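Asks: Give the three-dimensional model of this entry:
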Amino acid sequence: MSPKNAAAVQLGRKGGKATAQNRTKEERSAAARKAVEARWARTKKKIDSLTEQTQTLERKVRANSEAREAKQKKTNPPQ
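Replies: Alright, predicted model coming up:
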């Protein structure tokens, strides 16, 4: 790995603070809102995926239960 440029490292350390000082309150607020929306979008995507997986598993369990009941009815007919 190549050594880092010391001047670039110093500027990088100032980056967020310098950017915040140069922005208006509205610009900082808009940037923060955008970041929050991006985080919630990722979270919502994960939740939707888990919900879909859960529904798939529930359908499989239901189908297995119905198949088991049908098999049981065939082997033990009502008297």
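
Asks: Please count neighbours and contacts with C-alpha atoms only from this point.
Replies: Will do.

Asks: avg pLDDT for the helix or strand harbouring D48?
Replies: When secondary structure is defined by DSSP states H and E, D48 falls within helix 25-75. Taken as a whole, helix 25-75 has a mean pLDDT of 92.

Asks: What is that helix packed up against?
Replies: If you count contacts as 3 or more CA pairs under 8 Å, 6 or more residues apart in numbering; DSSP states H and E, helix 25-75 packs onto no helix or strand.

Asks: Run the chain-centre distance for it.
Replies: Once both centres are worked out by CA atoms, centre = their mean, to the nearest Å, helix 25-75 turns out to sit 10 Å from its chain's centre.

Asks: ditto for stretch 69-79
Replies: In terms of CA atoms, centre = their mean, the centre of stretch 69-79 is set 45 Å apart from its chain centre.

Asks: And stretch 10-17, what's buried?
Replies: Using 16 or more other CA atoms under 10 Å as the burial criterion, none of the residues of stretch 10-17 qualify.

Asks: Restricting to C-alpha, output it in CSV.
Replies: Coordinates of each C-alpha in stretch 10-17 appear next as CSV, following Å, rounded to 0.1, in the frame of the first residue of the first chain:
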residue,chain,number,x,y,z
GLN,A,10,-5.0,17.0,7.1
LEU,A,11,-7.6,18.3,4.7
GLY,A,12,-9.6,15.2,5.1
ARG,A,13,-9.7,15.6,8.9
LYS,A,14,-11.2,19.1,8.4
GLY,A,15,-13.7,18.1,5.8
GLY,A,16,-16.9,17.6,7.7
LYS,A,17,-16.4,20.6,10.0
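
Asks: Give the helix, strand or coil label for P3.
Replies: Classification of P3 using DSSP: H, G, I helix; E, B strand; the rest coil returns coil.

Asks: Okay, it and R13: tell me how far apart.
Replies: With the distance defined as CA to CA, to the nearest Å, P3 ends up 17 Å from R13.
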